[in-house]
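Student: The following comprises the amino acid sequence and a computationally predicted model.
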Amino acid sequence: MRKVVIVGPPPVQVLDVTGPMEVFASAPGYEVQLANPGPERTLRTHRGVVLGEATPIAEITDAIDTLVIAGGQGAESGGFDPAFIAWVREAAGRSRRVASICTGAFVLAEAGLLNGRRAVTHWSFCERLAKEYPEVKVMPDPIYLRDGSIYTTAGITAGIDLSLALVEEDHGHQVALKIARQLVMFLVRPGGQAQYSHMLSHQAGDSQPLRELQVWMLEHLRENLTVESLAERVGMSARHFTRVCLRETGMNPGQFVDRMRVEAAQQRIDGSAHGLKEIADAVGFRSDDAMRRAFVRVLGVTAAEYASRFRRQEGDVLN
């Protein structure tokens with residue numbers, strides 16, 4: 001039996017725990033063990049639900065196949081129990097693989113397990129993870145990713161995506177596909193987590209000229225935003241502007257313009273009934289096909305696919 005240990009600093013996000021637990025419990029050959037960082041035999045969640053039959057980590061001293069660190073308010077607080085972090089570091093050494101769900105990445109980072117590695121967390125915490133742990137190579141878009149024997153995921157339900165992928169690693173495509181069908185899930189979710197947020201244009205780093213340029217660009221997306229015209233706007237040469245843009249945003253000017261237009265289109269798709277051609281024109285794309293290609297480059301899905309998932313339909317109830 002492959003031993004899967006799921007633990008996190010309470011209060012944990014309940015789906016970070018129960019999602020992976022459901023996947024592994026549905027597959028053959030796994031023993032799933034819920035654990036608690038303290039002496040309690042329960043694990044407290046952020047919704048007031050207390051999960052029973054948890055084993056104190058001090059009692060888990062044998063080999064582990066898959067160590068899963070759940071996120072939640074406990075992981076996001078930054079106030080980690082040194083004894084728990086020491087246990088995670090030690091337990092990782094006797095685990096075949098280690099995974100974090102959502103903000104559980106902060107626990108792995110605190111334990112030093114992500115140093116020099118690529119990692120992802122929930123889109124709204126990527127900037128903070130990169131700032132607090134500069135040795136971690138934060139990749140904001142993947143639903144999940146692997147670097148060696150360490151796996152990290154984006155937000156919450158991405159823990160189910162990763163768990164299905166781990167089952168597929170162990171048992172093959174058909175077993176994982178069967179579980180995905182039972183859970184009414186994609187086995188491989190299309191696109192990255194950028195499609196779920198308007199996180200972009202994101203911050204133009206620490207550069208005041210770029211921040212001011214970004215505000216201007218949002219009001220002039222229909223104009224021909226060439227490298228030369230943008231560089232002139234901030235009083236730089238095209239070459240120097242390109243270097244600054246790459247340094248501050250991680251994108252060249254063309255990619256930065258694309259992402260700003262895609263984000264503007266996302267907001268219009270989410271909140272209006274306008275057609276895609278009209279939206280494409282409003283945000284500066286030459287055609288709806290140009291917008292489709294940009295969506296694929298930036299989000300990994302077409303504009304039409306994005307609209308089908310996120311556009312509010314007539315009759316939808318807003319809470």
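Tutor: Looks like it came in fine. Numbering: from 1, shown residues only.
Student: tell me the contacts of Phe125?
Tutor: Residues near Phe125 by CB atoms under 8 Å, 6 or more residues apart in numbering: 76, 103, 105-106. Placement of C-beta: from N, CA and C, glycine included.
Student: And what about it, helix, strand or coil?
Tutor: State at Phe125, reduced to three classes by DSSP: H, G, I helix; E, B strand; the rest coil: helix.
Student: Do you know the pLDDT at it?
Tutor: Listed pLDDT for Phe125 reads 92.
Student: Same question for Ala290.
Tutor: 93.
Student: didn't it look like it was pressed against Ala280?
Tutor: Yes - in this structure, Ala290 is within contact of Ala280 by CB atoms under 8 Å, at 6.9 Å.
Student: okay, those two: which has more neighbours?
Tutor: Ala280 (23 against 14; other CB atoms under 10 Å).
Student: Can you tell me whether I have it right that Cys245 is in a helix?
Tutor: Yes - using three-state DSSP, the assignment for Cys245 is a helix.
Student: what sits against the closest residue in space to it that isn't next to it in sequence?
Tutor: Nearest residue to Cys245, sequence neighbours excluded (CB to CB, 6 or more residues apart in numbering): Pro253, at 5.1 Å. Neighbouring residues of Pro253 by CB under 8 Å, 6+ apart: 227, 230-231, 241-242, 245.
Student: Quick one: residues contacting Gly104.
Tutor: 8, 16, 68-71, 75.
Student: Now the two most distant members of those.
Tutor: Val68 and Ala75 (12.4 Å; CB to CB).
Student: helix/strand/coil for Ala265?
Tutor: Per three-state DSSP, the secondary structure class of Ala265 is helix.
Student: Which parts of the stretch 101-250 of the chain are strands?
Tutor: 118-119, 137-138, 144-147, 150-153 (DSSP state E, counting those that start in this stretch).
Student: With mean pLDDT as added columns, please give these in a markdown table.
Tutor: What follows is the strands of the stretch 101-250 of the chain, written out as a markdown table (pLDDT from 0 to 100):
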| stretch | mean pLDDT |
| --- | --- |
| strand 118-119 | 94 |
| strand 137-138 | 93 |
| strand 144-147 | 92 |
| strand 150-153 | 96 |
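Student: which stretch among the ones you listed comes nearest Pro209?
Tutor: The nearest among these, by CB to CB, is strand 137-138 at 24.7 Å.
Student: Distance from the chain centre to the closest one, please.
Tutor: Put simply, strand 137-138 sits 12 Å off its chain's centre (CA atoms, centre = their mean, to the nearest Å).
Student: contacting residues for Phe241?
Tutor: 227, 230-231, 234, 253.
Student: List the residues that contact Gly72.
Tutor: 8-14, 16, 45-46, 102-103.
Student: Let me know the closest of those to Ala304.
Tutor: Cys102 (28.8 Å).
Student: For the residue nearest to Cys245, give me the pLDDT.
Tutor: The per-residue pLDDT reported for Pro253 equals 93.
Student: now the one 3 residues further on
Tutor: As predicted, Phe256 sits at a pLDDT of 90.
Student: For it, grab the count of nearby residues.
Tutor: Phe256, neighbours per other CB under 10 Å, totals 26.
Student: wait, is it part of a strand?
Tutor: No - using three-state DSSP, the assignment for Phe256 is helix, not a strand.
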